[in-house]
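Participant: predicted model, plus sequence, below.
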Amino acid sequence: MRFSSLFVLCLAFAPPVLADGLPDLGDSSQLTVTPQMERRVGEEAMRDIRLHDPAFDDDAEATAYLNVLGDRLVASSQDAHQPFEFFLVKDPTLNAFALPGGFIGVNTGTIVTAQSESELAAVLAHEIAHVTQHHMARMAAKQGQLSLAMLAAMALAIVARNSQAGSAVATIGQAGAITAQIGYSREFEREADRIGFHTLQKAGFDVRAMPAFFLRMQKAGRLYENNAPAYLRDHPITTERIADAENRVQGLPYKQVPDSLDFQLVRAKLRAQQGAPRDTLALLQADLRDRKYSNEIAARYGVAVALLRAQEPVRAAAELAPLLKTTEHPMLAGLEARIKRANGDDKGALAVLKHALLRYPDDRALNYACIETRQRLGKNSDAAALLDQQIRNFPNDARLYELQAKGYSSEGKQLLAHQAQAEAYVLQGSLPAAIEQLQLAQKSGDGDFYQLSSVDARLRDLRAQLAQQKKDDK
Ligand SMILES: [Zn+2]
């Protein structure tokens, strides 16, 4: 099992007890690396993860949930204006890690393991603090090596440590050489804990979740005694950090924060997708039978997801049906549509999605599903109309451009397909790949004068952007 975990590494350091309210250890104005440069380093690392990490999980429902939760915390953080992107890594172990510029990866196992939404929020708040405090750039600065290249190498090392894209990038540059030094210092861990705690509190979560989750981490760490990576063995999770967190919550009034249904459903879905399909199904069915759940709707939904995954769509439909009568939620509609599709009923799936979109017009997962279903049914102009509308609302959503490229491609419109794919690559931070697509668009031979001029203009624009980036890197 993969267990290269920056978050665990974070927790592994034992910070001395420190009172709250001490000044920050430095501030970003002393850095020669700008937030824009940090963002670019993060974007490039993300591109490697998207392209090379088979564990990168683009589940639209879970990713949307994670970003809503994350953004709620960011709004209560020290830098509410920093853009963040939270993404999922399909991995049952517990881990979360931050890249420079606001990209935060969360293992599916972290969400499944969290016993409450506040626990998951505590993990995110800690990672958000690493970003808003520019810990990676400050770490490089401390070593007297602050440069864009150094920061990029550190980001690659984090990718190497935390994702399967690591094998693809570990050989690049200095990433391998500096892997040993990327652990955050005790001061930075202490700072991330302290600031993360305030973020959690300000955002209205149960702050007791922080020490509770630390305790669970400590227990989980013990399980790896024999095969834990060296850093976890050398720096076992000690009681000091837990004591710090417990000191912070002491004397605070008890505050019960109920979990959202979104959290419950996302956790149930991710759990249903772990492990061997039949084994997982049996486990979830047993939990439901024995009433071992915190939310019955989510428990039944999880069984339905597991049934679908075990290729039993008819039984999945039967399991889901009573829930649909009592509860309205976009994820229930999404599952109903997937089940109908698996039962060979694409038209029925489309009807479900269209109906659900009347009630949840901005739900990203429902919109993706509706576009894909229309494309599958050959309703290309309907799909294109919805795509245009969605792209107007969410102009930075690369997935929409990918769906658009797919639609054009199936209609044989090569210029437009390459042009749409180019925009998807731009949004994923990959200018060279975007330029290549536009060159293919120029050669496609099926565009009119206006379409070709638009491709030429965009190509000039992107080449200029790439030249500027290369200049900045020097
Ligand atoms: Zn940390």
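Facilitator: Here it is on my side, so go on.

Participant: can you give me the strands in the stretch 251-400 of the chain?
Facilitator: Chain-ordered strands for the stretch 251-400 of the chain, with DSSP state E, counting those that start in this stretch as the definition, do not occur.

Participant: what's the answer for the stretch 1-150 of the chain, then?
Facilitator: Chain-ordered strands for the stretch 1-150 of the chain, with DSSP E, counting those that start in this stretch as the definition, fall at 56-57, 85-89, 96-99, 103-107.

Participant: in terms of mean pLDDT, which of these ranks lowest?
Facilitator: Comparing mean pLDDT across these, the lowest value falls on strand 96-99: a mean of 87.

Participant: with just CA atoms, put that strand into CSV.
Facilitator: Output for strand 96-99, consisting of C-alpha atoms alone and laid out as CSV, is shown next (Å, rounded to 0.1, in the frame of the first residue of the first chain):
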residue,chain,number,x,y,z
ALA,A,96,-3.7,15.4,2.2
PHE,A,97,-1.0,17.7,0.8
ALA,A,98,-0.6,21.3,-0.4
LEU,A,99,1.2,22.5,-3.4
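
Participant: wait, does it contact the ion?
Facilitator: No: using C-beta under 5 Å from the ion, we find that strand 96-99 stays clear of the ion, coming within 7.9 Å at best. Quick note: C-beta positions are derived from backbone N, CA and C, even for glycine.

Participant: my guess is P100 meets V131, correct?
Facilitator: Yes: applying C-beta atoms under 8 Å, one finds P100 in contact with V131, separated by 7.3 Å.

Participant: looking at those two, which is more packed in?
Facilitator: Between P100 and V131, counted using other C-beta atoms under 10 Å, P100 has the larger neighbour count: 28 against 25.

Participant: contacts only, for that one.
Facilitator: Contact partners of P100, counting by C-beta atoms under 8 Å, 6 or more residues apart in numbering, are 38-39, 41-42, 45, 131, 134, 136-137, 151, 154-155.

Participant: spatially, which two of those residues are the most separated?
Facilitator: The widest separation within the contacts of P100, taken as C-beta to C-beta, falls between A45 and H134 and amounts to 15.6 Å.

Participant: between these two, point out the one with more neighbours.
Facilitator: Between A45 and H134, counted using other C-beta under 10 Å, A45 has the larger neighbour count: 27 against 24.

Participant: any idea how far the ion is from the more buried one?
Facilitator: As for A45, its distance to the ion is 17 Å (criterion: C-beta to the ion, to the nearest Å).

Participant: in space, what's closest to that residue - neighbours in sequence excluded?
Facilitator: Counting by C-beta to C-beta, 6 or more residues apart in numbering, the nearest residue to A45 once its immediate chain neighbours are dropped is A155, at 4.1 Å.

Participant: so which helix or strand takes in the one you found?
Facilitator: Element membership for A155 (DSSP states H and E) is helix 148-162.

Participant: helices or strands up against that helix?
Facilitator: helix 6-12, helix 35-52, strand 96-99, helix 135-142, helix 166-169, helix 175-178, helix 449-473 (3 or more C-beta pairs under 8 Å, 6 or more residues apart in numbering; DSSP states H and E).

Participant: brilliant, that's me finished.
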